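Colleague: Here is my input; please provide its structure:
(chains A, B, C and D)
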Protein chains: 2
Amino acid sequence: MAMQLRGVDAAFRLNRLRHAGLPTTFATMDKQAKGTRKDRAAFKADEVKVDLIAFVVAVNDNEPCVLTIGQADTLPSGPFALEHRSLQSGLRGWVEQQTGHPLGYIEQLYTFADRDRIGSERRQRAISISYLALTRKEQAAASRKCGWRSWYEYFPWEDHRFGTPPVLLDVLRPRLIEWAGGAADAATRRERRQRAATAFGFDGRHWNEDLTLQRYELIYEAGLVQEAGSARDATRPSLVPSKSMVADHRRIVATGIARLRAKIKYRPVVFELMPQSFTLLQLQRTVEALAGRLINKPNFRRLIEQQELVEETGETSVDTGGRPAKLYRFRHAVLDETPIVGTKLPVARG
Amino acid sequence: MAMQLRGVDAAFRLNRLRHAGLPTTFATMDKQAKGTRKDRAAFKADEVKVDLIAFVVAVNDNEPCVLTIGQADTLPSGPFALEHRSLQSGLRGWVEQQTGHPLGYIEQLYTFADRDRIGSERRQRAISISYLALTRKEQAAASRKCGWRSWYEYFPWEDHRFGTPPVLLDVLRPRLIEWAGGAADAATRRERRQRAATAFGFDGRHWNEDLTLQRYELIYEAGLVQEAGSARDATRPSLVPSKSMVADHRRIVATGIARLRAKIKYRPVVFELMPQSFTLLQLQRTVEALAGRLINKPNFRRLIEQQELVEETGETSVDTGGRPAKLYRFRHAVLDETPIVGTKLPVARG
DNA sequence: ACCCCTTATAGTCAAATGGATTATAATTGG
DNA sequence: CCAATTATAATCCATTTGACTATAAGGGGT
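Modeller: Here you go, the predicted model:
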């Protein structure tokens, strides 16, 4: 396998193995890690390169988009260098240089170790730190070799706004069933079916839009996607129809989508993607684009209003095609107020 | 300031500044970041050192504990080296070597750039990757120079199980009010009061146990805590009574507590901290220890049962002091089933 | 044996929340 | 003026959730 399996849920999966009594990394751990804290300065071999990678999001015409560079499907990135004052400022610098796009909201996603790069003289370790960034397309200053592409070109099974995507039932389901059935023992087969059903909402289960990363990892594990630059055998006839990305960038995007979909439910981050003033329907359409599913209109409005996230500007928008809609703006004060909504513990009050 | 302000919410705070029209990192960004992707291999200056730091958690006698090493209050850590097969295996190696403790569940917390270390010949960049790990004390093999310390020695204001901690109202509140009032302009004063009230539940607001990191950052920003090794002026007479840690380890712990408190509400991670079989009250006490607040007993049992997280072992425990309690064990199958509980979007079904 | 204390377990009830639906208002375009 | 389209308000009902009460089952002392 040309790529390493990793991701946010790797620890979780590993843990499942542990409970099942199977050997884990922990059991087979390399014992040769020597040296005390004092020794650190003596080693030069410990030095590694650090890459910063950005998953930049904007919603254009109700389509959630990722910022890419070059002809290939590549995320903006660059090495963390001495000139950078911080990781974030390094990331901003690279993105602005490569795309001409200034970033607003930034959030760290995940740090992972790349597979060893064999340098000219010695082994070279590399680490990638990925980030999620939110902006608006208009902020782009006459872009260079970069462009906005819809998420759903890379993840066609993730868009449920117009009903269940055909690819899900026509392609993914049979192939995942096939993959599950290909396992050696019955327990693994059942476990694979279980995982696929939960992640994709098969067998009458509900679709959960937050499981984007689990779904990608499942598809990847089943060998149904192929990324550019990986040297996989070409014997496998047909993969799931979707755009691939360079290296493991598609996994980073999946991580970012999952994070963002989860986050819009408890923090007011959507407004980073909105213009200064907007109608409630525009806001709803943006959330729907991110979540990949439709939202009940009256209930959405009730939710927004009772949380007092927005305030009226006093103006109305007339290009709605029907009755003019009130324009709203985000109440920035909520960033200081926000008590974060939901608890799930039955706490004892008083 | 001897330490850099950073953390999970740094992006959020930064963003608030942006909206308030203040200059930000983005605005003052260094423009000298040069070089294309092809140049990477040519630079040696870009190499950095990578440290792995572990926040290891166990709950001993209803007290949530952190694993520390040495006499000082230090988290297990060590450099990421060539011998390590992955970041996680490197972390496991260091923790086992320094504490003799094997790790089970591991989850990445945050990656940050340390302040520059001035090496003997040239500037040296360093990066720290922090992790959250869950275990049980019993797994410890006759420990070396390490020990378990209660979280609440470092964060006495976080334990609300036995009522509001005195330090909150007697020390923190007046000092935070003083800090808020010390701001130059009225807007900043109001914003500071607002933030403090939200984070600590002042002025009749509810206590939100998930805001551990925000609270620590606020206290830090107000100059009310001092960490070991920082060269702060000694003129400030009295700080908030609490144990400090080496470097920014206390911030890492705060990040981990916040993450864990949020996570137990939607993923069944508590069971990593439980023995094989346990009573429902033991489970409840463990959750209470982590959350730092009491839970309504009947409702907690209802929650556990309706989610089918556990199954009866058939045995009962008699050392409860009253009626014997049924013993339960975790249903590991839920790890494959779990559809993750809560949505907060008013989705349109059908 | 009995009482009393402790904890376990089951059940009830009201309030709040959340999903779905219907009704009414204000525009544009023909 | 009518039809189509969108905005906005209001209502209904099932489910969830917080708070509380009642009963069961043990141990320890007298």
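
Colleague: Which phi and psi values does the residue in the stretch 201-350 of chain A positioned nearest to DNA strand D adopt?
Modeller: Nearest residue of the stretch 201-350 of chain A to DNA strand D: A:Gly322, at 2.2 Å (C-beta to the nearest atom of the strand). The way it works is simple: take the backbone N, C-alpha and C, and place the C-beta from them, glycine included. When read as degrees, to the nearest 10, the backbone of A:Gly322 gives phi -140, psi -140.

Colleague: now A:Arg205
Modeller: According to degrees, to the nearest 10, A:Arg205 has phi -70, psi 160.

Colleague: before we move on, what about A:Gly292?
Modeller: Torsion angles at A:Gly292 (phi, psi; degrees, to the nearest 10) stand at phi 70, psi 30.

Colleague: these two touch, right, it and A:His160?
Modeller: Yes: look at A:Gly292 against A:His160 with C-beta atoms under 8 Å: they come within range, at 5.3 Å.

Colleague: More neighbours: the two, which one.
Modeller: A:Gly292 (21 against 18; other C-beta atoms under 10 Å in any protein chain shown).

Colleague: Now for the more buried one: which residues touch it?
Modeller: Each residue near A:Gly292 by C-beta atoms under 8 Å, 6 or more residues apart in numbering or on different chains is listed here: A:Tyr152, A:Glu158, A:Asp159, A:His160, A:Arg161, A:Glu209, A:Arg261.

Colleague: from these, which is closest to A:Ser242?
Modeller: Nearest to A:Ser242 among the contacts of A:Gly292, counting by C-beta to C-beta, is A:Tyr152 at 8.9 Å.

Colleague: what domains does the record give for chain A?
Modeller: A:1-16+A:46-163+A:220-267, A:274-337 (automatic domain parsing).

Colleague: neighbours of A:Gly163, just the number please.
Modeller: Quick note: A:Gly163 (other C-beta under 10 Å) scores 8 neighbours.

Colleague: Overlap in contacts, A:Gly292 and A:His160.
Modeller: Common neighbours of A:Gly292 and A:His160, using C-beta under 8 Å, 6+ apart, are A:Glu209.

Colleague: returning to what we had before: for the domains of chain A, give me TSV that also has mean pLDDT.
Modeller: Compiled in TSV, the domains of chain A are given as follows (pLDDT from 0 to 100):
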stretch	mean pLDDT
domain A:1-16+A:46-163+A:220-267	81
domain A:274-337	89
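
Colleague: Which stretch among the ones you listed is buried most, on average?
Modeller: When you average the neighbours per residue for each of the domains of chain A (mean count of other C-beta atoms under 10 Å in any protein chain shown), domain A:1-16+A:46-163+A:220-267 leads with a mean of 19.

Colleague: secondary structure class for A:Ser128?
Modeller: The three-state label given to A:Ser128 by DSSP: H, G, I helix; E, B strand; the rest coil is strand.

Colleague: Next one: it from B:Leu91, what distance?
Modeller: Distance of A:Ser128 to B:Leu91, computed by C-beta to C-beta, to the nearest Å: 17 Å.

Colleague: go on, A:Asp248?
Modeller: In terms of C-beta to C-beta, A:Asp248 sits 21 Å off from B:Leu91.

Colleague: same deal with A:Val50?
Modeller: A:Val50 sits 17 Å away from B:Leu91 when distances are taken as C-beta to C-beta.

Colleague: Is there a neighbour count for the residue in the stretch 101-250 of chain A that DNA strand C sits nearest to? I'd like the number.
Modeller: When scored by C-beta to the nearest atom of the strand, the stretch 101-250 of chain A has A:His206 as its residue closest to DNA strand C, at 10.9 Å. Look at A:His206: counted by other C-beta under 10 Å, it has 10 neighbours.

Colleague: Wasn't it part of a strand?
Modeller: No: under three-state DSSP, A:His206 sits outside any strand and is assigned coil.

Colleague: And it, how far from chain B?
Modeller: A:His206 sits 7 Å away from chain B, going by C-beta to the nearest C-beta, to the nearest Å.
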